[in-house]
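1. A structural model of the following input is requested.
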Amino acid sequence: MKLSIATVSLGGTLDVKIEAIAAAGYDGLEIFDNDLVYFNLPPDVVGQRVRDAGLEVVLFQPFRDFEAMPSPLREKGFDRAERKFDIMEQLGASLILVCSNVSPHAIDDPERAASDLHELAERAQRRGLYIGFEALAWGRFIHHYQQAWDVVRRGDHPNLGLILDTFHTLVRRSPLEDMDNIPAEKIFLVQVADAPAIDMDMLQLSRHFRCFPGQGELPVADMMRRLAKIGYSGPISHEIFNDTFRAASTRSIAIDGMRSLRWLEEQMAQVPASAAPTPAPRRKLAAAPTIEGIEFIEFAAFHDEAALIKKLLAALGFRRTHRHRSKAVTLYRQGDINIVLNEENNSFARSFYLLHGLSVCAIALRVNDAAQAHDRARALLAEPFGGSIGEGELEIPAIRGVGESLIYFLDRRGGQGAFYDVDFVADVEAVEVEPLGLARIDHLDQVVAPTELLSWIMYYKSILGLAFEAQHDLADPYGIIVSRSLVNEDLSIRTSLSASQSSLTTTSKFLMQYQGSGVQQIALSCQDLFAAAAKIDSSAVLQIPGNYYDDLAAKHGFDEPRLEQMRSLNILYDRIGDGEFFHLYTKSINGIHFELVQRRNYAAYGSVNSPVRLASQAPYTGSADVD
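-> Below is the predicted model:
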């Protein structure tokens with residue numbers, strides 16, 4: 001099975017795209033006509049560059065508005081085709097995509113369409129070329145794959161076949177079971193694309209919002225399993241039209257696409273034992289890890305900001321419990337929450353700090369098998385990280401995460417204890433701190449650039465096996481912030497990704513101040529938020545406008561003493577059905593803040609309170625003042 005991508009899926013010039021596609025590990029590419037037209041080298045040189053890169057041109061496309069046209073447009077169509085055949089021969093391409101007609105001059109006559117395609121295939125055969133016919137979802141008369149197959153079947157030529165596209169098929173909700181009647185050898189190529197579940201004109205959705213399989217909500221894997229069932233083993237190729245993709249790094253998007261195809265191969269193999277077997281994936285991935293929780297969060301903290309984060313942790317009831325055996329690294333604990341402060345000069349944390357200031361430089365996930373999780377991540381093109389390991393220190397597998405931070409994989413296999421039992425010693429000089437009853441890390445929010453949002457969704461979904469939840473649009477005073485949460489099955493890990501197109505939102509200001517993507521919010525759960533809030537110095541807590549509580553009284557009918565308690569403690573509230581959610585926020589240090597939450601049969605994130613929270617945070621964005 002050859003893996004390919006259309007050049008239209010990527011930004012940049014054609015030579016840059018070829019280089020990125022080869023580096024990502026594809027077998028071939030589709031050359032989109034416009035990419036060639038706008039390039040300054042002739043087709044034969046382009047074809048040689050493709051071959052020199054270890055690739056092949058699996059498809060030349062698109063050839064539009066051809067079948068079932070009246071004279072003289074019919075004759076002109078054949079003339080156009082012969083010129084495209086000339087280009088294909090120079091490129092070294094053997095297959096051209098003919099998409100169904102959208103011209104107002106087209107004739108509604110399947111026999112005429114089949115006859116035209118038969119003659120085109122005859123001409124192609126004389127040159128050793130092939131014709132692939134595809135139904136556009138917005139084609140004038142042919143817009144379902146069944147109609148396209150009917151025309152191909154009637155055309156009855158060995159050099160004429162069908163090209164299927166998951167987007168065109170699934171956005172039209174065409175029944176997949178009809179594919180069982182198509183001989184696999186008559187499907188010349190399958191293009192794969194996903195899309196978000198939004199109600200939009202199909203052409204606009206196609207031209208601007210397609211995405212890689214796994215980044216949207218279309219049942220792409222179901223369609224690919226159906227094709228595997230009938231024996232299709234030909235090329236699978238991405239064809240993505242997405243404004244964000246074309247604005248992002250060419251190489252990173254190419255890697256995202258390959259990661260998506262490897263993930264899709266894995267999904268295709270996941271069928272019930274009673275079903276027909278599917279082809280084994282070219283690269284068998286280790287199983288997605290079982291994530292048991294976040295083992296620790298590591299801050300890079302130096303100078304005045306180190307003092308500020310230590311003061312804030314003390315205010316939140318964290319006690320310094322351990323010191324590293326040989327490095328300037330300390331561990332703060334409360335409940336099942338571990339926070340590491342790294343002040344070691346000769347370290348990754350130091351380099352990270354020099355770029356970002358106070359920052360979350362690493363997150364450690366507790367998994368069932370760390371080595372297996374690391375192997376899977378590398379197979380899915382994650383960048384591994386190997387730091388210096390001191391004598392007697394625990395060697396922890398790691399990959400790069402958001403903003404070039406680290407994701408560690410930890411397990412307790414072989415009878416090994418927790419990480420702090422190996423690298424740390426108990427801190428006998430630690431000052432006693434009254435705990436607030438914080439129990440565990442509830443969730444994290446990571447801010448990314450808008451061009452990175454879909455990339456990180458694919459990263460977490462494929463490598464960690466997380467599922468994404470519905471998108472939330474959060475109203476900042478200066479624009480909209482898009483937030484997407486990803487979770488595992490038992491909700492032991494929750495992380496959200498936030499991005500904004502507006503340069504003035506709290507999210508975008510964080511990106512600028514932080515000089516890149518990173519963790520902005522750490523949410524910690526507790527049993528009794530009111531008791532915890534009463535112990536926190538109010539100067540460390542984000543102040544909420546009094547008008548919010550007047551509105552809360554009108555919505556939920558709190559009695560006055562309870563409402564006044566919430567007002568005095570700056571506690572926010574949400575209710576869904578019989579579920580309740582109480583939460584508060586600390587002020588920010590270098591844009592990073594904590595959230596304390598209490599859940600009562602409530603699985604959401606209190607997004608209804610985002611507008612008041614963001615408005616309240618705006619003056620504090622960038623502040624390093626929590627006194």
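2. quick one, phi psi at residue 401?
-> In terms of degrees, to the nearest 10, the main-chain angles of residue 401 are phi -120, psi -160.
3. now name the helix or strand holding the residue nearest to it when sequence neighbours are not counted.
-> Distances taken as C-beta to C-beta, 6 or more residues apart in numbering place residue 407 nearest to residue 401, at 4.2 Å, with adjacent residues excluded. In short, each C-beta sits where N, CA and C put it, glycine included. Here residue 407 sits within strand 406-410, counting by DSSP states H and E.
4. tell me the strands beside that strand, with direction?
-> strand 359-367 (parallel), strand 398-400 (antiparallel) (DSSP bridges).
5. let me know which of those is the nearest to residue 420.
-> Nearest to residue 420, of all the strands paired with strand 406-410, is strand 359-367, at 10.9 Å by C-beta to C-beta.
6. off-centre distance for the closest one?
-> Its chain's average C-alpha position is 19 Å from that of strand 359-367, according to C-alpha atoms, centre = their mean, to the nearest Å.
7. same deal with stretch 244-257?
-> 12 Å.
8. in that stretch, what's buried?
-> Across stretch 244-257, burial judged by 16 or more other C-beta atoms under 10 Å covers 244-246, 248-257.
9. what's the first helix or strand after the worst-scoring helix or strand of the chain on mean pLDDT?
-> The weakest-scoring helix or strand in the chain, judged by mean pLDDT, DSSP states H and E, is helix 419-423 (a mean of 83). Per DSSP H and E, the first helix or strand lying C-terminal to helix 419-423 is strand 424-426.
10. which neighbouring elements make contact with the next helix or strand after that following strand?
-> Going down the chain from strand 424-426, the next helix or strand is strand 438-447, by DSSP H and E. Secondary-structure packing of strand 438-447 (3 or more C-beta pairs under 8 Å, 6 or more residues apart in numbering; DSSP states H and E): strand 291-300, strand 337-342, strand 494-500, helix 506-514, strand 518-526, strand 593-600.
11. how far off centre is strand 438-447?
-> Remark: strand 438-447 is offset 19 Å from the chain centroid, using C-alpha atoms, centre = their mean.
12. OK, contacts around the spatially most central residue of the chain?
-> The residue lying closest to the centre of the chain (C-alpha atoms, centre = their mean) is residue 457, at 1.9 Å. By C-beta atoms under 8 Å, 6 or more residues apart in numbering, the contact list for residue 457 reads 214-215, 468, 484, 486, 497.
13. rewinding a little: I'd like to know which of the buried residues of stretch 244-257 are part of helices.
-> 244-246, 250-257 (DSSP state H).
14. for the stretch 151-300 of the chain, give me the ranges with low pLDDT.
-> Counting by pLDDT under 70, the low-confidence segments of the stretch 151-300 of the chain come to 271-282.
15. could you list the low-pLDDT ranges of the stretch 351-500 of the chain?
-> Within the stretch 351-500 of the chain, the ranges that satisfy pLDDT under 70 run 388-392, 414-417.
16. go again using 90 as the cut-off
-> The model of the stretch 351-500 of the chain has pLDDT under 90 over residues 386-395, 412-423, 428-433, 470-471.
17. ranges for the helices of the stretch 51-200 of the chain?
-> Counting by DSSP state H, counting those that start in this stretch, the stretch 51-200 of the chain has these helices, from start to end: 73-91, 110-125, 145-155, 166-171.
18. ok, the stretch 501-627 of the chain next?
-> Along the stretch 501-627 of the chain, the segments classed as helices by DSSP H, counting those that start in this stretch run 506-514, 529-535, 546-556, 560-569, 610-617.
19. residues in contact with stretch 147-155?
-> With C-beta under 8 Å, 6+ apart as the test, stretch 147-155 has contacts from 67, 100, 110-111, 113-115, 117-118, 121, 133-135, 141-142, 160-162, 181-182, 186.
20. how about the residue nearest to the centre of the chain, secondary structure?
-> Assigned with DSSP: H, G, I helix; E, B strand; the rest coil, residue 457 falls in the helix class.
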